[in-house]
Every structure is written in C-alpha cells, then in structure tokens.
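**Q** Below are the sequence and a predicted model for it; my questions follow.
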Amino acid sequence: MSGHSKWANIKHKKERTDAKRGKIFTKIGREIAVAVKEGGPDPETNSKLKDMVAKAKANNMPNDTILRSIKKAAGELGSINYESVVYEGYGPGGVAVIVEALTDNRNRTAGEVRHSFDKNGGSLGATGCVSWMFERKGVIVVDKDGIDEDELMMAALDAGAADVDDDDEVMEITTDVASFTGVCDALEKAGYSFEIAEIQMVPSNTVAVTEEIEESVRKMLDMLEDNDDVQNVYHNAEIDE
C-alpha cells in the first residue's frame with residue numbers, strides 16, 4: 001500500500017476482529033469449508049486450504065478448531081452451497097472498495113451490501129470499476145518485539161518474498177500469490193509467528209480522507225465487515241489510527 005502503512009489499516013481491522021473473535025472464526029470456517037469442497041481436505045495438496053489455515057492461525061484460531069472445521073467440511077460436502085461473490089464500489093470521498101462475500105443467497109447479500117454503501121454516502125458499482133486499482137498479494141505481518149529484523153528480512157527474501165517493510169511495531173512482508181505459501185512455511189519453520197498472514201487485495205495507490213469524511217468511511221467499512229456473508233473488505237483510504 002504505497003504512501004502509507006499497510007499495518008495501520010490492518011491493525012484497525014484486527015482490533016475490531018479481536019473484539020469479535022467468534023464471528024471471525026465462523027467466517028474463516030466458512031472459507032475453509034469452501035476450500036475443502038473445491039480441492040479436498042489435505043492442505044498439502046490443496047493450496048487454497050493451506051492459505052486458509054495460515055490465515056486461521058494468524059487470527060489465533062486453535063489448531064483443534066481448524067482441524068474440526070476441515071473434518072466437518074469433508075463430511076458435509078453435499079450441504080456446502082456457498083457461492084463466492086465480489087462487489088465493487090466507491091465510498092465517501094471516492095474511496096475505492098472491494099467486498100468479497102460467501103453467500104447462499106445472492107439477492108439477500110447484494111441488497112445488504114448495497115444498503116451499506118448507500119447508507120454511508122457510497123455507491124455500489126459494476127464489476128471491474130475499482131479492481132484495476134488493486135493487486136492480489138500475500139501479506140504477512142510479524143511483530144518486531146524480540147526478533148532480529150535483519151534476520152527476518154533475509155529469511156523472507158530468501159524464501160521468495162517480494163518486499164519487506166519496516167513499519168514501527170511490525171515488519172510487513174509482501175509476496176506474489178504463488179510464493180505466499182512457501183514464504184509462510186519457511187518463516188514458520190524458522191520460528192516466526194504472524195499477526196497477519198493472508199492473501200489480500202492491496203491498492204496500488206491510496207486516497208487521502210478528510211476528517212469530515214473519515215467517520216462515514218469507517219461506518220461503511222464496519223457495517224460491511226459486520227455482515228455475516230462478507231468475508232473480506234479492501235479499500236484504498238488513508239485512515240490514521
């Protein structure tokens with residue numbers, strides 16, 4: 001996220017999810033179920049599932065809960081009918097927003113997502129209206145407390161990371177999608193734990209948000225993320241924490 005810290009937005013999101021851990025576990029469990037249906041229950045042969053497991057661990061989801069989610073999904077393949085849907089639009093101040101959802105009712109989810117945009121001064125747009133401003137990347141965030149930053153940087157780059165940024169409290173590692181799993185594995189084996197480890201839509205550029213607009217942007221993002229069908233919300237707003 002050029003121009004400002006990725007961690008600022010990630011931290012804001014993580015603080016919200018920490019207060020709603022049960023809800024985020026449910027959402028990750030849904031993503032795990034879809035990954036199992038698409039590629040089977042073995043993370044070693046199902047790269048999407050492996051990425052979901054990394055995301056679950058970074059959100060402090062217990063290993064036994066992860067395993068239960070995988071086993072449950074493997075035993076209920078016929079009843080997993082979630083459909084992946086992506087919505088794009090603009091928030092207040094021209095902020096670009098991408099919403100990824102898993103739903104069993106497209107009409108319901110579309111209506112609720114549209115309402116979240118409309119209620120806060122945004123507008124839902126057509127497919128492709130903002131996605132060109134984003135690039136899908138692996139994002140790994142490691143707390144700097146107690147680590148050798150140079151060693152982490154070398155380990156990440158040697159494993160195939162595209163970039164490593166030093167951002168106050170944390171080190172931010174970005175990868176291309178193909179390298180994400182390998183970098184996660186290498187760093188985990190080296191003893192590092194992650195604050196964030198997931199594939200994200202990272203904006204190429206960001207937009208400044210005035211104080212007058214910031215509250216509306218925050219309300220819209222919170223409203224979207226509180227929706228049970230919404231898995232991920234990405235934006236290009238510069239929001240100070």
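**A** Structure's in. What do you need? Numbering: from 1, shown residues only.
**Q** buried residues in the lengthiest strand in the chain?
**A** Criterion DSSP state E: the longest strand present in the chain is strand 134-143. By 16 or more other C-beta atoms under 10 Å, the buried positions in strand 134-143 come out as 134, 137-142. From N, CA and C alone the C-beta is placed, and that goes for glycine too.
**Q** Can you tell me how far residue 134 is from residue 39?
**A** 24 Å (C-beta to C-beta, to the nearest Å).
**Q** Bridged to the closest residue to residue 139 other than its chain neighbours, which residues?
**A** Nearest residue to residue 139 in three dimensions, chain neighbours excluded: residue 200, at 4.7 Å (C-beta to C-beta, 6 or more residues apart in numbering). Residue 200 forms beta bridges with residue 137, as assigned by DSSP bridges.
**Q** what about residue 200, neighbour count?
**A** Counted with other C-beta atoms under 10 Å, the neighbours of residue 200 add up to 22.
**Q** That one: what's it in contact with?
**A** Neighbour list for residue 200: 136-139, 232, 234 [criterion: C-beta atoms under 8 Å, 6 or more residues apart in numbering].
**Q** How far does the longest strand of the chain sit from its chain's centre?
**A** Relative to the centre of its chain, strand 134-143 is centred 9 Å away, using C-alpha atoms, centre = their mean, to the nearest Å.
**Q** so what does the helix or strand that comes right after it touch, helix or strand wise?
**A** Following strand 134-143 in sequence order, the next helix or strand is helix 149-159 (DSSP states H and E). Under the contact definition 3 or more C-beta pairs under 8 Å, 6 or more residues apart in numbering; DSSP states H and E, helix 149-159 sits against strand 163-167, strand 170-175, helix 177-189.
**Q** To residue 125, which of those lies closest?
**A** Proximity to residue 125 (C-beta to C-beta) singles out helix 177-189 among these, at 24.4 Å.
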